[in-house]
Every structure is written in structure tokens, then in C-alpha cells.
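In: coords please:
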Amino acid sequence: MFVRAYLRASTDEQDATRARGQLKAFVAERGLTVAAWYIENESGAKLARPELFKLLGDAQHGDILLVEQVDRLSRLTSADWQRLKAELAARHLRVVALDLPTSWSMATSTIDEFTGRMFEAINAMLLDMLAAVARKDYDDRRRRQADGQAKAKAEGRYKGRQEDTERNTAIASMLKAKQTWTTIQHATGCSRATIAKIAKRQTVV
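Out: Residues are numbered from 1 along each chain as shown. Modelled structure (predicted):
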């Protein structure tokens, strides 16, 4: 049984690794270690996520898929969530989420078969519920955002998303000074994808 940790953030500006410490602490308390990390900056509303499917491809029977929250795994539509669940079931992956305490028992190999099946049934129901809540939250936020943008456009105030030029200038300077990407992340709170984008700009220039 391997623990495979999945970390996701929606945009390049967000730090997908933010919850790494929490996941490490969780497995350490149970005498486990994370065998592999899968980290990406992709929308949870998309099923086609490279690192998630790399995890599914690497997974073996009975492995644990560990996430901070269910919405890190899914903000999917009902149809896409059913597709993802079928992939998880085909590989007999145990989904453990820090925000779903009933799933924590799945991070052990000491439970008997009956108890394990009971918890699997309970967790399946709760995962469905939390996935539906996560999708509703996503749809609600998108609707509010669209309403706000429409109002701002009507009033001539909408300028679109603005780049954080001060932060990006600092990142560019740190790259020129040969600072490591990890150091830059810690100093600025940006994602590795953002650093890569700025590094590419420098290469082009």
C-alpha cells in the first residue's frame, strides 16, 4: 500500500504545495510516508489533469490517494465525477481527505473486512455529497464573477485581471541572481508555474 498525495491549485498564481506540510503530518501520525507527490496548477472543474492521471496510471491495488480537501480532487460536473470515480474504483484506490474524517480509517491496513466495507460505503456517499457541494460552490462563484464583470463593464470600470508586476519583477531579479525556484517560491508565495513563465520570458528576451 502506497500513499500518493495529490496537491492542486486552480491558477498559476496560487501555490499548489501549500498543504504539503499538513499531508506529511497526517501520514506521519499514522506511521506512514508519502511515496509520491503529484502537484499541478489546473482547475478542479477539468477532468483532464495531467498529474491526476499520472497518479492513476502509477497507482496499484489498494493504494491511498491523499488530498487536503475533496474539492482539490473534484469540482467536476456530475458526469465527469462519475467517470473519475470509475477510474478510482478500477484501481481500487482508497480516497483519504483531511476534511473527511470518516475516510481517515482507510489510511490503515488493520481494519477488518466488514468494517472496511462499511467505511467504503459511507465514504462513497460522503464523497458524492462533498463533490456536489464543491461543484455548486464553483458554479456559484463563476456566476457571481460573471455578474460582477458585467456590471463593471456596463459602468466602464472593468479592466480584466491585472498582472502583479511588482512581484513578477522581483521574481525576475531573483532568477537573474541564480536563486533556486524553491527559494523564490518561499519568498514570493508564487507557484512554480509562475516562475517558469517568467523564466521563459527572460529566455525569449
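In: quick check: Ser74 vs Gln60, distance?
Out: Distance from Ser74 to Gln60, counting by CB to CB, to the nearest Å: 22 Å. Any C-beta I mention is one placed from the backbone N, CA and C, and that applies to glycine too.
In: of those two, who's got more company?
Out: A count of neighbours by other CB atoms under 10 Å puts Ser74 above the other of Ser74 and Gln60, at 25 against 11.
In: what are the buried residues along the host helix or strand of Tyr6?
Out: Element membership of Tyr6, judged by DSSP states H and E, is strand 3-9. Applying a neighbour-count criterion of 16 or more other CB atoms under 10 Å, one finds Val3, Arg4, Ala5, Tyr6, Leu7, Arg8, Ala9 buried in strand 3-9.
In: would you reformat those as CSV and include distance to Ile195?
Out: As requested, these are exported to CSV (distance: CB to CB, whole Å):
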residue, distance to Ile195
Val3, 27
Arg4, 25
Ala5, 21
Tyr6, 21
Leu7, 16
Arg8, 18
Ala9, 14
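In: now, among these, which is nearest to Ser173?
Out: Ala9 (24.1 Å; CB to CB).
In: and the longest helix seen in the chain, what does it pack against?
Out: As assigned by DSSP state H, the longest helix anywhere in the chain is helix 113-154. Helix 113-154 sits against helix 70-73, helix 78-90, strand 94-97, with contacts defined as 3 or more CB pairs under 8 Å, 6 or more residues apart in numbering; DSSP states H and E.
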